[in-house]
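1. Below: sequence and its predicted model.
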Amino acid sequence: MKEKKRNDLKYFTSLGIVIQFGVVVVSNIFVAGVIGYFIDKWTLKNKLFLIVFLFLGVASGLYNGVKYLLKEAQKYEKHDKDANDE
């Protein structure tokens, strides 16, 4: 029974990491899209800034998301290494 609880905890922890990754990526894209929209609204009105800022948002979102995933992976590796040493 204890092993099942441990597996459930690992599952929900992994699910939380995936959800956090998605939130980071989508929020970066959304913020960049809003900035691009308002700059376009006040300047050229040809959707150039919207497209540029959406690409920047995608790049920023993926960069920050992957950085977050790598940080979590290092945390798990350290935790597994400490558990194996004991």
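-> Arrived safely.
2. For the rest of this, base every contact and every neighbour count on C-alpha atoms.
-> Fine.
3. Give the residue spans of the protein that score low on pLDDT.
-> Along the chain, segments meeting pLDDT under 70 span 1-4, 82-86.
4. try it again with 80
-> 1-10, 79-86 (pLDDT under 80).
5. now the helices: where do they sit in it?
-> Taking DSSP state H as the criterion, the chain carries its helices at 2-42, 48-85.
6. Output stretch 22-35 in CSV with nothing but the alpha carbons.
-> C-alpha atoms of stretch 22-35 as CSV (Å, rounded to 0.1, in the frame of the first residue of the first chain):
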residue,chain,number,x,y,z
GLY,A,22,2.6,24.4,-20.3
VAL,A,23,1.7,27.5,-18.2
VAL,A,24,5.1,29.0,-18.6
VAL,A,25,5.0,28.6,-22.4
VAL,A,26,1.4,29.7,-22.9
SER,A,27,1.8,32.7,-20.6
ASN,A,28,4.9,33.9,-22.4
ILE,A,29,3.2,33.6,-25.8
PHE,A,30,0.1,35.4,-24.4
VAL,A,31,2.0,38.3,-22.9
ALA,A,32,4.1,38.8,-26.1
GLY,A,33,1.0,38.6,-28.2
VAL,A,34,-0.7,41.3,-26.2
ILE,A,35,2.3,43.5,-26.3
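7. in that stretch, what's buried?
-> Within stretch 22-35, the residues scored as buried using 16 or more other CA atoms under 10 Å are 24-26, 28-30, 32-33, 35.
8. Same question for stretch 7-19.
-> Within stretch 7-19, no residue counts as buried by 16+ other CA under 10 Å.
9. Run the chain-centre distance for it.
-> 15 Å (CA atoms, centre = their mean, to the nearest Å).
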